[in-house]
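[1] Sequence first, then the predicted structure:
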Amino acid sequence: MAGRSLARFLAPLALVAFVIALFMVVTSTQNDPGGSDAPNQSGGTTPAASPTGTAEKPKGRRRYTVKAGDTPSSIAEKTGVPLDDILRLNPDLDPQTLSPGQRIKLRQ
């Protein structure tokens, strides 16, 4: 074993370290709502204080365009709008027939 290069031992360790680092990066971006295509749940603004000192409600999106694989509950989670509100605002919404491109109401 005296003739073996140090690189023959370090190469597998480097590969394992790379795989672990890649796994950590991928899992951290899946949990980061700002790093994906998911919309900002606060509507992109933070509540502003009015002259009376009370916080104003942030304005969110009025409509959502359905993407492939969306369900009413996943839309509620992505947008921060309660599922009950989505179902109430869209009485003709059938979860079985959602199609990409379909627009649904999120608020009035």
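    Sure, I can see it.
[2] Where is the longest helix in this protein?
    helix 7-30 (DSSP state H).
[3] Residues contacting the next helix-or-strand element following that helix, please?
    Proceeding N to C from helix 7-30, the next assigned helix or strand is strand 63-65, under DSSP states H and E. The contact list for strand 63-65 (CB atoms under 8 Å, 6 or more residues apart in numbering) reads 75, 78, 79, 101, 102, 103, 104, 105, 106. All C-beta atoms are positioned from the backbone trio N, CA, C, and that covers glycine.
[4] what residue ranges in the protein score low on pLDDT?
    Applying pLDDT under 70 to the chain picks out residues 1-3, 29-60.
[5] do that again at 80, thanks
    Within the chain, the ranges that satisfy pLDDT under 80 run 1-4, 28-61, 108.
[6] So which of the contacts of strand 63-65 belong to helices?
    Using DSSP H, the subset of these located in helices is 75, 78, 79.
[7] Looks like residue 81 contacts residue 104 (just checking).
    No: counting by CB atoms under 8 Å, residue 81 does not reach residue 104; the two are 9.9 Å apart.
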